[in-house]
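S.K.: curious how this folds, go ahead:
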Amino acid sequence: MHLSIIIVNYNVKYFLEQCLRSVEKAIANIDAQVFVVDNNSSDDSIAYLKPKFPFVKYVANTENVGFAKANNQVLNDCTGDYILYLNPDTIIPEDCLEKCIAFFESHDDCGALGIKMIDGSGTFLPESKRGFPSPVASFFKLTGLSDIFPKSKLFNQYSLGYLSEFENHKVDVLAGAFMMVKKEIVIKTEGFDEAFFMYGEDIDLSYRIQQLGFNNYYFADSTILHFKGESTKKGSLNYVKMFYSAMNIFVKKHYSGNKARIFTLFIQGAILFRALVSLLKSVVVSIGLPLLDAIIIFISLWETKNEWIRWMRNGQGFAIDNFPLMFLSFTIIFLISGALSGMYDNPEKPSKTFASGITGIIVMMAVYGVLPERFWFSRAVMILGGFAAGVAITIFRLILFKLKFLEPSDEEYKFQQTAVVGSNSEYAVVREIFHKAGLEERLLGRIKINGESENAVGDIKNLKEFLVRLNIREVVFCEGALTNHLNIQLVQTLPRNISYRFIGSNTKSIVGSDSKATAGETLAAEGFYRISEAYNKRMKRVVDIALSLFLLFSFPLQLFFIRKKGSLLLNIINVLINQATWVGYAKEEISLPTIKKGVLTCYGFPKTIAPSLNDEAMHHLNIQYAKNYDFWMDVKIVLKNYKYLGG
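M.R.: Coordinates of the predicted model:
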């Protein structure tokens, strides 16, 4: 046996489907075995994949044991001269493994081999080659200085940004996403250190391989797709904590004395900085833009009123004295009308935000005009206050976006035109998947590759020119008539502002990722969920906020209708700060679009008193809720089970 491949999976069956199809092609001329170790996925990964890839040996864990332990589970069953640790969210070209083995055989000093990796947009992933996380290198990484100066030998020691991505290099650290190691060396090192649950295990193994006198190589003569990449993780506080924990284990294991203390001091300083940034970001995410906008609107109206009194009325106040309640009401009106006109569809776009603010002003003034005269005080204050709110919210959005507290939305992606690069039969498969996803109208047509003219709107020979000329924003590459090798090469030559998707031959899923959706996207023949659409996500949040505010302002009245009054207030607060939703899934679902934990289940009752149903029945209810969702479903469920809103 020449090669053993180990892939650890956790709830990414569609990515793994594409990965295994590419592996199947890459081992066609190699004596190889493939292991998939599933860490207790809830998306039925093994049941889905087993009939499609019978050559794979599957191991099903009953719990998530972590990346290191899962890889080590099958180490003794590996009979290959080389072992490849491979992530499930990768696609490898057909000649990749043969090239890697040939490099090993021509370099006796090579103990482990990493590879050039790109993400779904064709962008090089800097974690393909790394230096050891010295105190200084770790500090620059965690504070973000390595991102600001990516080519600096001083600031980007961690990702070795000063070394060319197009040349082979000896490096210190290889990425666990693709790491080929000589079997004899793996046995000597006893595989990954299981003290590392996630992150750091590849650093530790790379270090121990060098300690044995071998070199780690970055191999640039082949390129793989790694859809998620490190960029999906490094912005979160959870990643910072886990990276810090992994570095602590590494330091305790390999350093001692003053060096260990200095290392720890640097890491702690960087962690504190990143934790503060992440905390600010989490406040924006958890409280939610609508609540922050509401504060801005209220303050804008209030301060405009005060300044108007000061400068235009010589300090003389208005006759009415219920401004707090009135401005709160107008804040809600402004917020809802702005939301319905799309203020939260593209929050990173100032023009969209400001235009929605103008809509809010118009609706607010219309309501003001029909109020009884005793509530009138100054139309000028309302108009200027609304205008000030629109400007303030727009500036606030710009700041959040520049600080990366906001990411580009996928609203435009939902409506953009899609071109398919492949044969006519491959185009038919893609069209079927898009049809089941309710997105068939997005398909512009096929880029022909073999002279077939049916459904063709362009030719692969002029692909780049065609994409630019028609402003195409999404391309699906089919593997079959074209090879993975060619598709990967093409992506690197095309514009970076396009969403690239991939589908392997004889598969029924399309996968991809880009900067605006770092967790990766999938479309599958199994179906599409309306609850993930931008409009429905927005309206679900609008219903949550509107109901919460109604319950809050009428709280004394609700004491007569709702059980568990104390829990009701807590539920209102949790929904307002976006930590819960009034209607959620019957049970936690990783395989469905993510929503907040529900006060009520999608079949009405709260979980504490819900009728006893088995997991299969609850999963079926969740699928129906996600597939067929519209905001009136939530309204009906709430009205029918009103007395249970306290839990």
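
S.K.: okay, CA-based contacts and neighbour counts for the rest of this
M.R.: Fine.

S.K.: low-confidence regions, the stretch 201-350 of the chain specifically.
M.R.: 229-244, 267, 270-271, 274-275, 278-279, 282-288, 345-349 (pLDDT under 70).

S.K.: which residue ranges form the strands in it?
M.R.: Counting by DSSP state E, counting those that start in this stretch, residue ranges of the strands within the stretch 201-350 of the chain are 215-226.

S.K.: now Ile320: closest residue in space that isn't a chain neighbour?
M.R.: The shortest distance from Ile320 to any residue that is not its chain neighbour, by CA to CA, 6 or more residues apart in numbering, is 6.8 Å, and that residue is Phe375.

S.K.: ditto for Ser146
M.R.: Closest residue in space to Ser146, ignoring its immediate chain neighbours: Asn156 at 4.5 Å, by CA to CA, 6+ apart.

S.K.: relative to Lys141, how far out is the one you found?
M.R.: Taking CA to CA, to the nearest Å as the measure, Asn156 falls 7 Å from Lys141.

S.K.: looking at those two, which is more packed in?
M.R.: Taking Asn156 and Lys141 together and counting by other CA atoms under 10 Å, Asn156 has the greater number of neighbours (26 against 22).

S.K.: re the thing from before, tell me, what's touching Asn156 and Lys141 both at once?
M.R.: Between them, Asn156 and Lys141 share these contacting residues under CA atoms under 8 Å, 6 or more residues apart in numbering: Asp147.

S.K.: sorry, back to before: quick check: the residue nearest to Ser146 vs Asn215, distance?
M.R.: Distance, Asn156 to Asn215, by CA to CA: 21 Å.

S.K.: and the average pLDDT for the helix or strand encompassing Ser146 is what?
M.R.: Secondary structure assigned from DSSP states H and E places Ser146 in helix 145-148. Helix 145-148 shows a mean pLDDT of 79 in the predicted model.

S.K.: the residue nearest to Ile320 against Ala319, yeah?
M.R.: No: using CA atoms under 8 Å as the test, Phe375 is too far from Ala319 to be in contact (9.1 Å).

S.K.: higher neighbour count, the two?
M.R.: Neighbours per residue, other CA under 10 Å: of Phe375 and Ala319, the larger number sits with Phe375, 16 against 10.

S.K.: ok, now how distant is the residue nearest to Ile320 from Phe318?
M.R.: When Phe375 is compared with Phe318 (using CA to CA), they lie 10 Å apart.

S.K.: same thing with Asp204?
M.R.: When CA to CA is applied, the distance between Asp204 and Phe318 equals 70 Å.

S.K.: which one's more surrounded, those two?
M.R.: For the pair Asp204 and Phe318, the greater number of neighbours falls to Asp204 (23 against 13), based on other CA under 10 Å.

S.K.: my guess is the more buried one meets Asp193, correct?
M.R.: Yes: Asp204 sits in contact with Asp193 when judged by CA under 8 Å, with a separation of 7.4 Å.

S.K.: picking up where we left off before, confidence score at the residue nearest to Ile320?
M.R.: With respect to pLDDT, Phe375 scores 82.

S.K.: just the one 3 residues further on next, same as before
M.R.: Ser378 is assigned a predicted lDDT (pLDDT) of 89.

S.K.: list the contacts for it?
M.R.: Ser378 neighbours (CA under 8 Å, 6+ apart): none.

S.K.: Gly111 now?
M.R.: When contacts are counted by CA under 8 Å, 6+ apart, Gly111 touches Val181, Lys182, Ile185, Ile209, Gln210, Phe214, Asn215, Asn216.

S.K.: show me what whatever helix or strand the third one lives in is packed against.
M.R.: Right, the one you point to is Ile185. For Ile185, the host element (DSSP H and E) is helix 183-189. Helix 183-189 makes packing contacts with strand 82-86, helix 201-211 when contacts are defined by 3 or more CA pairs under 8 Å, 6 or more residues apart in numbering; DSSP states H and E.

S.K.: so what are the sheet partners of the shortest one and their directions?
M.R.: Pointing back at strand 82-86 there. The strands that strand 82-86 pairs with in its sheet are strand 3-9 (parallel), strand 178-182 (antiparallel) (by DSSP bridges).

S.K.: now find how far off-centre stretch 550-561 is within its chain.
M.R.: Here the centre of stretch 550-561 is set off from its chain's centre by 38 Å, with CA atoms, centre = their mean, to the nearest Å.

S.K.: what's the end-to-end length of it?
M.R.: Between the opening and closing residues of stretch 550-561 we find a distance of 14 Å, counting by CA to CA.

S.K.: residues of it that come out buried?
M.R.: The neighbour-count criterion (16 or more other CA atoms under 10 Å) identifies Leu551, Leu552, Phe555, Gln558 as the buried residues of stretch 550-561.

S.K.: what sits against the closest residue to Lys643 other than its chain neighbours?
M.R.: Leaving out its chain neighbours, the residue that sits closest to Lys643 by CA to CA, 6+ apart is Ile562, at 4.2 Å. Going by CA under 8 Å, 6+ apart, Ile562 touches Leu568, Tyr642, Lys643, Tyr644, Leu645, Gly646.

S.K.: ok, so of these, who is nearest Gly386?
M.R.: For Gly386, the closest of the contacts of Ile562 turns out to be Leu568, at 32.9 Å, with distances computed as CA to CA.

S.K.: next, the contact list for that closest one, please.
M.R.: For Leu568, the residues meeting the contact criterion (CA under 8 Å, 6+ apart) are Ile562, Leu645, Gly646, Gly647.

S.K.: mind putting these in JSON lines, pLDDT and secondary structure included?
M.R.: What follows is the contacts of Leu568, written out as JSON lines (pLDDT from 0 to 100; DSSP: H, G, I helix; E, B strand; the rest coil):
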{"residue": "Ile562", "pLDDT": "83", "secondary structure": "coil"}
{"residue": "Leu645", "pLDDT": "88", "secondary structure": "coil"}
{"residue": "Gly646", "pLDDT": "84", "secondary structure": "coil"}
{"residue": "Gly647", "pLDDT": "77", "secondary structure": "coil"}
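
S.K.: correct me, but Thr79 touches Asp31?
M.R.: No: contact between Thr79 and Asp31 fails when scored by CA under 8 Å: they sit 10.4 Å apart.

S.K.: higher neighbour count, the two?
M.R.: Neighbours were tallied for Thr79 and for Asp31 using other CA under 10 Å; the higher tally belongs to Thr79 (15 against 11).

S.K.: for that one, give its distance to Ser548.
M.R.: According to CA to CA, Thr79 stands 60 Å off from Ser548.

S.K.: can you report phi and psi for Val511?
M.R.: phi -130, psi 160 (degrees, to the nearest 10).

S.K.: hmm, it is touching Tyr14, no?
M.R.: Yes: counting by CA under 8 Å, Val511 sits close enough to Tyr14 to count as a contact (7.0 Å).

S.K.: picking that back up, narrow the contacts of Leu568 to those that are buried.
M.R.: Among these, those classed as buried by neighbour count (16+ other CA under 10 Å) are Ile562, Leu645, Gly646, Gly647.

S.K.: got the contact list for the helix holding Ser146?
M.R.: The set of residues that contact helix 145-148 without belonging to it, under CA under 8 Å, 6+ apart, is Phe140, Lys141, Ser152, Phe155, Asn156, Gln157, Tyr158.

S.K.: quick check, nearest of those to Lys52?
M.R.: Proximity of the contacts of helix 145-148 to Lys52 (CA to CA) peaks at Tyr158, which lies at 39.6 Å.

S.K.: am I right that that closest one is in a helix?
M.R.: No: following the definition DSSP: H, G, I helix; E, B strand; the rest coil, Tyr158 is coil and is not counted among the residues of a helix.

S.K.: list the contacts for it?
M.R.: Contacts of Tyr158 were listed using CA under 8 Å, 6+ apart, and they are Arg130, Gly131, Phe132, Pro133, Ala137, Ser138, Lys141, Ser146.

S.K.: name the element the closest residue in space to Phe55 that isn't next to it in sequence belongs to?
M.R.: Taking CA to CA, 6+ apart, and ignoring the residues beside it in sequence, Phe55 has Val34 as its nearest neighbour in space, at 7.5 Å. Applying DSSP H and E as the criterion places Val34 in strand 32-38.
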